[in-house]
Every structure is written in C-alpha cells, then in structure tokens.
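Q: Provided below are the primary sequence and the corresponding predicted coordinates.
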Amino acid sequence: MPTPEEIETQGLLVVDRFQACAAAPDDLDAARLCDADLARLDELLRGAGAA
C-alpha cells in the first residue's frame with residue numbers, strides 16, 4: 001500500500017509535468033513523461049483505494 005507521502009510526491013510531480021507540457025505543447029518527450037507519471041499516480045491511488 002502506498003504511503004500518503006508517496007501519493008503526494010507523485011501528485012506534485014504530475015503537476016510539474018503538466019506545467020512543462022503547457023509551456024511546450026509540441027514537446028513529445030514532455031508529454032510522454034507526463035503520461036508515464038500520471039499512470040504511476042493512478043497506480044498509487046488505486047493501490048490506496050484497494051487497501
């Protein structure tokens with residue numbers, strides 16, 4: 001089960017990634033990182049909800 005700190009850290013990382021995507025909408029690498037980090041946040045939240 002993920003800790004609240006893990007979820008918070010990942011959530012903040014996702015916010016940073018979204019900001020990077022907004023600043024450079026044509027940057028595919030930034031978009032891929034955002035997608036991967038958002039998927040990780042989803043996994044953490046689902047893991048927390050299953051417990």
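A: On my side now, so go ahead. Numbers count the residues shown, from 1 in each chain.
Q: can you list the weak-confidence ranges in the protein?
A: 51 (pLDDT under 70).
Q: Could you list the residues in contact with the longest helix along it?
A: Longest helix in the chain, counting residues (DSSP state H): helix 28-50. The contact list for helix 28-50 (CB atoms under 8 Å, 6 or more residues apart in numbering) reads 1-2, 6-7, 10-11, 13-14, 17-18, 20-21, 24. For the C-beta atoms, the positions are set from N, CA and C on the backbone; glycine is no exception.
Q: from the chain's centre, how far out does that helix sit?
A: Centroid displacement of helix 28-50 relative to its chain, using CA atoms, centre = their mean, to the nearest Å, is 4 Å.
Q: got the buried residues for it?
A: 30, 33-34, 37-38, 41, 44 (16 or more other CB atoms under 10 Å).
Q: now swap in stretch 13-33 and tell me
A: Quick answer for stretch 13-33 (16+ other CB under 10 Å): 13-14, 17, 21, 30, 33.
Q: Could I get these in a markdown table, plus columns for distance to G49?
A: What follows is the buried residues of stretch 13-33, written out as a markdown table (distance: CB to CB, whole Å):
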| residue | distance to G49 |
| --- | --- |
| L13 | 20 |
| V14 | 17 |
| R17 | 22 |
| C21 | 26 |
| A30 | 28 |
| L33 | 25 |
